[in-house]
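> Please work out how this folds:
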Amino acid sequence: MVAELLTIDRIRAMQQRQLLDFPQLEKTILQRLQQNALTPFTSRLQAIFVDEYQDTNLLQEQLYFQLARRSGAALTVVGDDEDRKS
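Numbers count the residues shown, from 1 in each chain. Sure, this is the predicted structure:
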């Protein structure tokens, strides 16, 4: 219960200050990509390089692939099976 209240307070405080945490930032960027709102940015991309790919989550993966698809940029990912999170 206390943790939920702290989370609600944190969300309210961030909204009042118009701040985003990293997961919210990723979601917002993905939404804007899907709305074609980032075309001036994506049109300048030629290559996208992702290191430590094994540590990415599903949202980040969608973001990389959307960026590559919408920009036409080459996408290169590098990962290490030995260093995979469980």
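> ranges for the strands of the chain?
With DSSP state E as the definition, the chain shows strands at residue ranges 47-50, 74-77.
> What helices and strands are in contact with the last one?
The helices and strands touching strand 74-77, judged by 3 or more CB pairs under 8 Å, 6 or more residues apart in numbering; DSSP states H and E, are strand 47-50, helix 58-71. Quick note: C-beta positions are derived from backbone N, CA and C, even for glycine.
> buried stuff in stretch 63-82?
63-64, 66-68, 70-71, 73, 77 (16 or more other CB atoms under 10 Å).
> One more: stretch 8-24?
Quick answer for stretch 8-24: no buried residues (16+ other CB under 10 Å).
> pLDDT on that stretch, on average?
Across stretch 8-24, pLDDT averages out at 86.
> again with stretch 41-53
pLDDT averaged over stretch 41-53 gives 92.
> If you count neighbours, what's buried in that stretch?
Under 16+ other CB under 10 Å, the buried positions of stretch 41-53 are 42, 45, 48, 50.
> So for the chain, the centremost residue is which one?
What sits nearest the mean C-alpha location of the chain, by CA atoms, centre = their mean, is residue 26, with 3.0 Å.
> That one reaches residue 64, doesn't it?
No. Counting by CB atoms under 8 Å, residue 26 does not reach residue 64; the two are 10.7 Å apart.
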